[in-house]
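Asker: Here is a sequence together with a model predicted from it:
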Amino acid sequence: TSWKPQKFTPGQRLGAPETLGISTLDPGHRPPAMPPGRHVTIRVRMLDDTEELFDISQKASGKMLFDLVCSHMNLIEGDYFGLEFQNHQKMMVWLDHIKPIIKQLRRPKHTTLRFTVKFFPPDHAQLLEELTRYLFALQIKQDLSCGRLTCNDSSAALMVSHIIQSEIGDFEESQCRSHLLNNNYIPDQMPLIDKIMEFHSKNIGLTPAESDYQLLEVARRLEMYGIRLHPAKDREGTRLSLAVAHTGVLVFQGHTRINAFNWSKVRKLSFKRKRFLIKLRPDLNSSYQDTLEFLMASRDCCKIFWKICVEYHAFFRLFEEPKPKPKPVLFTRGSSFRFSGRTQKQVIDYVRESEFKKIPFERVLGKYDTDLQHPVCQETQSGPIQQGNCSSPSMFSSPVEANSNSPIPRNKFSFGSLQLDEEADEDGCHAFSDEDGGQIFSVVSNSPHLSASPGHSHGMVNGQKSLDLCSHSPDGRQPSPLTSPLLNDACSVRTDDEDDVRRKRFPTDRAYFIAKELLTTERTYLKDLEVVTSFQSAVGQDEATPESLKNTILSTFEPLHKFHTGFLREVEQRLALWEGRSNAHIKGDYQRIGDVMLKNLQGLKPLTTNLNKQSEVLLELEKACKASRKLEGLCRDFELQKVCYIPLNVFILRPLHRLIHYKQILERLCKHYPATHVDFRDCRAALADVSEVVEQLQGSLIKMENFQKLLELKKDLIGVDNLVAPGREFIRLGCLSKLSGKGLQQRMFFLFNDVILYTSRGMTPTNQFKVHGQLPLHGMTIRESEDEWGVPHAFTLVGQRQSVVVAASSLTEMEKWMEDIKMAIEMAKTSNGPSSDLLTTNLTDNKCPEDSSVEAESEDDTTSPHTSLERPAPHRGNTMVHVCWHRNTSVSMVDFSIAVENQLSGNLLRKFKNSNGWQKLWVVFTNFSLFFYKSHQDDYPLASLPLLGYSVTIPSESENIHKDYVFKLHFKSHVYYFRSESEYTFERWMEVIRSATVPSSRARVLNSKEPHPH
């Protein structure tokens, strides 16, 4: 007899018991008896693309068919799924559980229903059964393949790596490459094969169940996760798409989310003919309420979207299935549709309380042939799966069960009731009672598999590869300039991160927003640490890198990264609990942050003993680059990566700056709290600890910042030697106009404690500044000379051998320059600072240091000076020197220090002068610039905005920006509006931006007797 391939259901493939249970039925119940009548055969396509036939009575309800499908798969948590089909109008609709099948399927024999995920929860840890997560993983695989789940290349490659780990097992290069060449998981897969293989190689040891879990961990954080777009237009005719999620109704433009209407803000959803209407609750900040109107293609399109909104709201927001309303005696208008089935809370309670979840669940690792086009479904046609070694049951357990003893409540519910009104003037209406709109619950997952799995080393953040420096493939899609006028006064704009869906509304306590600043800046800080650890990985593999440098970076930054990863996780968990309404009874325990900070700052103390070594890292790196041209090139190439958005040396000093940030945050908390507050004592103790460390490091920090700035300036200048010399201190740089025989010419001046350099911008590929001359400060005098030369804001620098007349762009600029130069001259009188000649020999013609002050400037000199490299190397053209050049301004060392100490991160809404819509962005302020990201998970900024020269104000009435917490940035014709989420965040953004746009006039100089770290 010939051997026949054995057919497996997904449940059998996972080793599930035959009679494990079915969806939507209480424990111990069997499916209801089939009603009499003619039977029809219904074809259902499963998530693995296999098709199953079900024999059922035409009079049976949709629920009866759905229960048969779930029973066939031994699926318990079937309530997350649904059956969809194409109706006679060629529109995809969900099978109604209440109506008979005969009233829904016109031609049952010729209709194929698709079993698919209907409700996407915010956290896959809420899926308690392994089989359910497997089916969700198949759904993600489908969505990736058809292009519905869009994301950047790194996320796509990472997800595919988890899919193939589940399908073919551990990485083996030739097998993996062959499999990817024969199987397409994403559109345009070929360019990403190497990246997929790189990720796959890091998944060794993951079981299929763990791979599913990691796949969902990545997918759930994507903006398009679970999104099904319904085309629409707004009142102005702008093409948009509407979607529904567990949070509420979303608005998209293309694949970019531009608005969200949280359930807590929605009073009623309805449709009238082609118009879909969202009635919002009255906004406390507005004098009126509003109804938003969207135009869809037809009444049926409206009704389909309205029905799924009603179902999403009921499933995620209610305690139990809503009761049907009594039918009117005479007549009715409007839709009688209601949600039928268990709510998510009922599903979770049911699975947790039922006995079958205790049944041991083992899953085999399938090995698939690499020539199969659809490996998941091909097993039904090509025989049973080859059975490899089964993983031990202890290797993978439910993440929920693994954390059952966690002190953190896993789920918090606050559900209200749902009302269905049938109004004469509307086709369908879904109204929300005042108590409705409770918190969308979240699961704080702390699964050991996330931290223990090989694929989640320090290079993995939020399920995405955080830094892939040498072969980074950025997302090709540019964010669209959003012009849709959707954000009106009644709309609740959410300005926190992707996890904002976990609560009904923000806490309003100022302490919460201070704690949230800790969270947002900690996210940025961890990303910055990853830049350094990735740099260590990039140069650590090169033979040119000295062992001492590798060891210094490794011993300093690896422990810091590990520590702050855990710290960030604790802060995220605390903020998640703080934000929830339903934990009011434990308010005193969770609405505070001082205990978390005190515990972690005490844990950080041992690591701060190494922070004095940051200068050693800078020195080691500088020496190594001097000794090795290859290493110098590696460092330069690394700095040109998008991920290195500020100079590398600034990243190295980040741990010192972060301690100052902790001190500032704790000072604000202590100032805010009364002495009797439950959080005050912990905050005060934490402040004492961090203040002690900061005080010890303050002196070395000043020296290191100066040293770092000298190293940075050295890269910006051509024709200068020995800039980084013991005792030399940077004071100010900026634009001045120098008076020469050809008139006033723009020059960039650099003031140090012993000399002034003046330069012009070189017309070379390197974008560096060419040094024309130096003016020693010893014996120099300075005087105003506006009247003498008839040039506004002019002053003269009188040296022992040469005088130079310069003019500033404004009176303020002139005063700052003169004040700093006078102070530097006084310092030079008593200082035994550096005496080395700064200029290279081709500019000084081998003159003695005293003679080098004679102007060695040739306006038409195009010969490039000798450098350490024969060919000019590419150079960053967006450094602060270039910004000062273009904005015709100056900055001092004090300004630089203030800028690094006044860092800030968080979500803001941005609006252009002539646009109507607001775009939500993750914004980081540092180094005098705003850096814009799509989300805090991104590895590098989409754009940046240097703030020097900008003014920051509050919009006037005439600008018609009728919103709270909006500030305006203005430079010449460039105008940007930014909107923050609260009064506290508004004040903080104004404070830090003013620190960059209103530079200080006093220079902070080092004590000349203190030794230089060099």
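Answerer: Here it is on my side, so go on.
Asker: Could you give the separation of the top helix by length along the chain from the chain centroid?
Answerer: Ranked by residue count, the top helix of the chain under DSSP state H comes out as helix 680-716. Between the centre of helix 680-716 and the centre of its host chain there is 27 Å, according to CA atoms, centre = their mean, to the nearest Å.
Asker: Repeat that for stretch 49-56.
Answerer: On CA atoms, centre = their mean, the centre of stretch 49-56 falls 42 Å from the chain's centre.
Asker: Could you list the buried residues of that stretch?
Answerer: Neighbour counts over stretch 49-56 (16 or more other CB atoms under 10 Å) mark 50, 52, 54, 56 as buried. All C-beta spots, glycine's among them, are computed from the backbone N, C-alpha and C.
Asker: Check stretch 945-961 too.
Answerer: Those buried within stretch 945-961 under the rule 16+ other CB under 10 Å are 945-950, 952, 955, 961.
Asker: which outside residues touch that stretch?
Answerer: With CB atoms under 8 Å, 6 or more residues apart in numbering as the test, stretch 945-961 has contacts from 878, 880, 883-884, 887-889, 891, 911, 928-930, 932, 966-971, 974, 976-977, 990, 993-994, 996-997, 999.
Asker: tell me how far that stretch is from the chain's mean position?
Answerer: That offset, for stretch 945-961, works out to 26 Å (CA atoms, centre = their mean).
Asker: List the buried residues of stretch 217-229.
Answerer: Of the residues in stretch 217-229, those buried by neighbour count under the rule 16+ other CB under 10 Å are 217-228.
Asker: Name the SS class of S995, please.
Answerer: Reduced to three states with DSSP: H, G, I helix; E, B strand; the rest coil, the structure at S995 is helix.
Asker: same question, R801
Answerer: At R801, secondary structure determined by three-state DSSP is coil.
Asker: can you list the weak-confidence ranges in the stretch 451-600 of the chain?
Answerer: Flagging of the stretch 451-600 of the chain using pLDDT under 70 yields the residue ranges 451-507, 581-589.
Asker: which residues of it fall in helices?
Answerer: Listed from the start of the chain, the stretch 451-600 of the chain has helices (DSSP state H, counting those that start in this stretch) covering 510-540, 547-579, 587-590, 594-608.
Asker: Quick one, which of these gets closest to L621.
Answerer: Of all the helices of the stretch 451-600 of the chain, helix 547-579 sits nearest to L621, with 6.2 Å by CB to CB.
Asker: Next up, the contacts around the residue nearest the centre of the chain.
Answerer: Centre of the chain computed as the mean C-alpha position; nearest residue by CA atoms, centre = their mean is H936, 1.7 Å away. When contacts are counted by CB under 8 Å, 6+ apart, H936 is found next to 497, 520, 523-524, 905, 922.
Asker: what secondary structure does it sit in?
Answerer: Once three-state DSSP is applied, H936 turns out coil.
Asker: so of the buried residues of stretch 945-961, which ones are in strands?
Answerer: Using DSSP state E, the members of the buried residues of stretch 945-961 that fall within strands are 945-946, 952.
Asker: Turn those into a markdown table, including distance to K770 and pLDDT.
Answerer: Below are those laid out as a markdown table (distance: CB to CB, whole Å; pLDDT from 0 to 100):
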| residue | distance to K770 | pLDDT |
| --- | --- | --- |
| L945 | 28 | 90 |
| P946 | 22 | 89 |
| V952 | 34 | 91 |
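Asker: List just the nearest of those residues to T552.
Answerer: P946 (32.0 Å).
Asker: Which strand residues bridge that closest one?
Answerer: Partner residues in beta bridges with P946, using DSSP bridges, are S929.
Asker: Tell me who's in contact with L127.
Answerer: Shown in contact with L127 (CB under 8 Å, 6+ apart): 77, 80, 121, 133, 136, 216.
Asker: So the third one is in contact with L128, correct?
Answerer: Yep, that's P121 we're talking about. No. Because the distance of 10.9 Å does not satisfy CB atoms under 8 Å, P121 is recorded as not touching L128.
Asker: For the stretch 601-750 of the chain, give me the ranges with low pLDDT.
Answerer: By pLDDT under 70, the weakly predicted segments of the stretch 601-750 of the chain are 613.
Asker: Now with 90, please.
Answerer: Applying pLDDT under 90 to the stretch 601-750 of the chain flags the ranges 601-657, 693-728, 738-746.
Asker: nearest to H39, of the helices of the stretch 451-600 of the chain?
Answerer: Taking CB to CB as the criterion, H39 comes closest to helix 547-579 out of the helices of the stretch 451-600 of the chain, the separation being 50.5 Å.
Asker: which of the residues in that closest one are buried?
Answerer: By 16+ other CB under 10 Å, the buried positions in helix 547-579 come out as 549-550, 552-553, 556-557, 560-561, 563-564, 567-568, 570-579.
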